[in-house]
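Colleague: requesting a structural model of the entry that follows:
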Amino acid sequence: MGFFDFFSKDKKESLDKGLEKTKESFFSKLSKTIVGKSTVDEDVLDELEEILIGSDVGVETTLKIIKRIQERVSNDKYLNTSELDAILREEIIKLLSENNAVDTEDFVVPKLGMPYVLMVVGVNGVGKTTTIGKLAAQFHKRGYKVVLGAADTFRAGAVDQIKIWGERVGVPVIDHGMNTDPAAVAFDAVKKAMELNADIVIIDTAGRLHNKVNLMNELSKIKRVMQKFIVECPHEVMLVLDGSTGQNAFMQAQEFTKATEVSSLAITKLDGTAKGGVVIGISDQFKIPVKYIGVGEKIDDLQVFNKVAFVESIFKK
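Modeller: Residues are numbered from 1 along each chain as shown. Next up, the predicted model:
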């Protein structure tokens, strides 16, 4: 079985198309670095370091990758591009594996005998509410009973946006309108999910970072009120990041991991950028599993992240 055998043809094509800019940027630079070279020497590694940093892998993760390659070539010299490709590919996959993320082929909701509570966080503009809508569509399509909670009550249009998604997908949305208490919305959403015996309830939250203390207090309050119904919730806190912002995504991850216990990541808008390396760096630096990636505008362009498929797509010739 090959690396891509678990992916459908449509998923492969969507992933390849979505990562095309990253692949073209990376390989054009890598090819120029290798041309005319017979060995992987210090000059090649220095240029490779620049390429990885330029792809927004991040300095710390880049140095880690370079060190591993140096160790592998210390007793041997790899003579051609394909061998360097293979080493680089293997080391990146190993790095992505070290956060203990388990690759899965499909959108799956854990069976708990109660609604699985997913709280979604992220700054405005990263595609947070759209990601929630696409997740709802994917889960609903697979027969799961879904409830949405419109607890981003501060951003103009956020409540309306998630209501439109609810109507489009065919799932109930609990909302109290704009400028209302987000914790009260979350409370009622979990309550409704319990009443409906839903499989999953997805809670949207406000994406404000201008005052970290307020954000932390707000998210803590949302957690407390939901725990009146389900002590263990939220079962998952997902941070949505815009991959096209590169290093800014790192900063957002730093701020949100300080404000709340983030347990998974969704990285969006990878189709519009050559900065796909940000997925590698963020996964490595924060040790938080990347669960979903967005590689296009269509509902099916939100994919379950598979590290092997992701890396193979970037290195595909």
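Colleague: going forward, measure contacts between C-alpha atoms and count neighbours the same way
Modeller: Will do.
Colleague: got the contact list for residue 236?
Modeller: Residues near residue 236 by Cα atoms under 8 Å, 6 or more residues apart in numbering: 117-119, 262-264.
Colleague: what is the helix ranked longest in the chain packed up against?
Modeller: Longest helix in the chain, counting residues (DSSP state H): helix 81-97. Under the contact criterion of 3 or more Cα pairs under 8 Å, 6 or more residues apart in numbering; DSSP states H and E, helix 81-97 touches helix 59-73, helix 278-286, helix 307-315.
Colleague: my guess is residue 181 contacts residue 154, does it?
Modeller: No: judged on Cα atoms under 8 Å, residue 181 makes no contact with residue 154 at a distance of 9.3 Å.
Colleague: returning to what we had before: pull the residues that contact the longest helix of the chain.
Modeller: Against helix 81-97 from outside (Cα under 8 Å, 6+ apart): 31, 34, 40, 65, 68-69, 78, 280, 283-284, 307-308, 311-312, 315.
Colleague: buried residues of the one helix or strand residue 130 maps to, list them for me.
Modeller: According to DSSP states H and E, residue 130 maps onto helix 128-141. Within helix 128-141, the residues that count as buried by 16 or more other Cα atoms under 10 Å are 128-140.
Colleague: for residue 191, state which of those residues is nearest.
Modeller: Proximity of the buried residues of helix 128-141 to residue 191, judged by Cα to Cα, is greatest for residue 136, which lies at 18.1 Å.
Colleague: leaving out sequence neighbours, find the closest residue to that closest one.
Modeller: Leaving out its chain neighbours, the residue that sits closest to residue 136 by Cα to Cα, 6 or more residues apart in numbering is residue 146, at 6.5 Å.
Colleague: what about the spatially most central residue of the chain, distance to residue 134?
Modeller: Nearest to the mean C-alpha position of the chain, by Cα atoms, centre = their mean, lies residue 266 at 2.2 Å. Relative to residue 134, residue 266 is positioned 12 Å away (Cα to Cα, to the nearest Å).
Colleague: go ahead and confirm residue 146 touches residue 197.
Modeller: No: the criterion here is Cα under 8 Å, and residue 146 misses it with residue 197 at 9.5 Å.
Colleague: comparing these two, which shows the higher neighbour count?
Modeller: Using other Cα atoms under 10 Å as the criterion, residue 146 and residue 197 rank with residue 146 on top: 26 against 15.
Colleague: so that one bridges to which residues?
Modeller: Residue 146 has these beta-bridge partners by DSSP bridges: residue 200.
Colleague: residues in contact with it?
Modeller: Contacts for residue 146 (Cα under 8 Å, 6+ apart) come out as 136, 139-140, 171-172, 193, 198-202.
Colleague: buried residues of the longest helix of the chain, list them for me.
Modeller: 81, 84, 87-89, 91-93, 95-97.
Colleague: then stretch 17-31?
Modeller: 17-23, 25-27, 29-30.
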